[in-house]
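A.B. asks: Any chance you can model this:
(one chain, ligands or ions: 2)
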Amino acid sequence: MASERPGHFPDERGGATVRRTVVVPLDIGIGRPVEATVTSFDALSHSGEHVLIGMGTPGDIPLVRVHSECLTGDVFGSLRCDCGPQLREAQRRIHERGGALVYLRQEGRGIGLYNKIDTYALQDTGMDTFEANTALGFAPDARDYAVAAQMLQAAGIHRIDLLTNNSDKSEQLRRNGIEVVHEIPTETHANPHNIRYLAAKSTVTRHGLTLDAGRDVKEALS
Ligand SMILES: Nc1nc2c(ncn2[C@@H]2O[C@H](COP(=O)(O)OP(=O)(O)OP(=O)(O)O)[C@@H](O)[C@H]2O)c(=O)[nH]1
Ligand SMILES: [Zn+2]
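C.D. replies: Residues are numbered from 1 along each chain as shown. Ligands and ions are numbered 1, 2, ... in the order given. As a prediction, the model looks like this:
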């Protein structure tokens with residue numbers, strides 16, 4: 001893919017359009033600032049203020065991470081989930097290889113922050129993360145990745161390697177016109193506080209998660 005400057009993708013307009021792209025220096029924890037492009041959009045199918053962060057110099061197949069917002073994990077360092085370390089891993093790997101971070105404002109797997117906090121209270125009584133969503137009347141996972149496909153297409157990115165353990169993301173992107181060439185797993189960021197959260201992802205949904213020692217997360221709990 002041609003690229004005029006690091007992290008910049010040509011603007012190819014579909015239904016959704018690029019609203020603005022600006023260049024910002026980012027501290028991604030590698031000891032020096034890196035240059036990134038931050039892109040906003042108009043006419044997306046989902047009303048959140050979703051952004052695409054372009055980093056590095058992409059080759060033919062950019063590395064892309066579609067990351068769902070987690071204020072508690074991404075910003076405040078909550079150990080209840082693995083979102084913060086996954087976000088930092090993604091930024092580092094995308095910068096190294098060239099590609100984009102699609103940051104989706106679909107907090108709490110799409111149910112919002114307050115509802116996520118309500119599910120935490122239910123989880124503290126023994127439910128897993130998906131059961132707690134259902135108990136509150138929500139789908140177990142209410143996210144819709146069509147908007148991520150629209151952002152990628154508007155930014156001129158049609159063929160990607162996707163950094164995820166969640167095959168549902170790849171399938172939804174493919175259904176919405178993105179060619180996912182490879183699904184690349186993230187590291188497993190386990191700690192004593194998020195091990196049940198990881199186990200629920202591994203057993204209830206199809207997340208492929210393996211602990212560093214090579215053991216599957218469900219085995220670690222059995
Ligand atoms: N409803 C709910 N959402 C949560 C909870 N913990 C984290 N989340 C949200 O889960 C989303 C991240 O989803 P995950 O299931 O961890 O991972 P994923 O995006 O499906 O898969 P990966 O690409 O492999 O990271 C973020 O939007 C978080 O805010 C929880 O207990 N309940
Ligand atoms: Zn989280």
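
A.B. asks: Point out the residues in this structure that sit beside ligand 1.
C.D. replies: Residues of the chain lying near ligand 1 by CB under 6 Å from any ligand atom: 68-70, 81, 83, 86, 106-109, 111, 116, 119-120, 123, 129, 133, 164-166, 169, 186, 201, 207. In this view, the C-beta of every residue, glycine as well, is placed from N, C-alpha and C.

A.B. asks: Counting only helices, which of those make the cut?
C.D. replies: Judged by DSSP state H, the subset of those located in helices is 83, 86, 116, 119, 120, 123, 129, 133, 169, 201.

A.B. asks: residues contacting the residue nearest the centre of the chain?
C.D. replies: In the chain, the residue lying closest to the centroid (CA atoms, centre = their mean) is residue 67, at 1.4 Å. With contact set as CB atoms under 8 Å, 6 or more residues apart in numbering, residue 67 has these partners: 74, 83, 86, 87, 90, 101, 102, 103, 104.

A.B. asks: Ligand 2: which of those residues is nearest?
C.D. replies: Distances from ligand 2 to these, taken as CB to the ion, are shortest for residue 83 (3.0 Å).

A.B. asks: Hmm, that closest one is touching residue 70, no?
C.D. replies: Yes. Contact criterion CB atoms under 8 Å: residue 83 and residue 70 qualify, at 3.6 Å.

A.B. asks: For the one helix or strand residue 21 maps to, give the mean pLDDT please.
C.D. replies: Taking DSSP states H and E as the criterion, residue 21 maps to strand 17-26. Averaging pLDDT along strand 17-26 gives 98.

A.B. asks: Could you list the residues in contact with it?
C.D. replies: Contacts of strand 17-26 (CB under 8 Å, 6+ apart): 5, 8, 11, 33-43, 53, 55, 91, 154-155.

A.B. asks: Give the closest residue to residue 143 in space, chain neighbours not counted.
C.D. replies: Closest residue to residue 143 apart from its sequence neighbours, by CB to CB, 6 or more residues apart in numbering: residue 110 at 4.3 Å.

A.B. asks: pLDDT value on the one you found, please?
C.D. replies: 95.

A.B. asks: May I ask you to confirm that it is in contact with residue 145?
C.D. replies: No. Judged on CB under 8 Å, residue 110 makes no contact with residue 145 at a distance of 10.3 Å.

A.B. asks: More neighbours: which of these two?
C.D. replies: Ranked by neighbour count (other CB atoms under 10 Å), residue 110 and residue 145 place residue 145 first, with 24 against 21.

A.B. asks: Go ahead and confirm that one touches residue 167.
C.D. replies: No. Using CB under 8 Å, residue 145 is not in contact with residue 167, being 11.6 Å away.

A.B. asks: Quick one: the strands in this structure, in order.
C.D. replies: For the chain, the strands defined by DSSP state E occupy 17-26, 34-42, 51-55, 63-68, 99-104, 159-163, 179-184.

A.B. asks: of all the ones you listed, which lies closest to residue 192?
C.D. replies: Of all those, the one in closest proximity to residue 192, counting by CB to CB, is strand 63-68 (23.3 Å).
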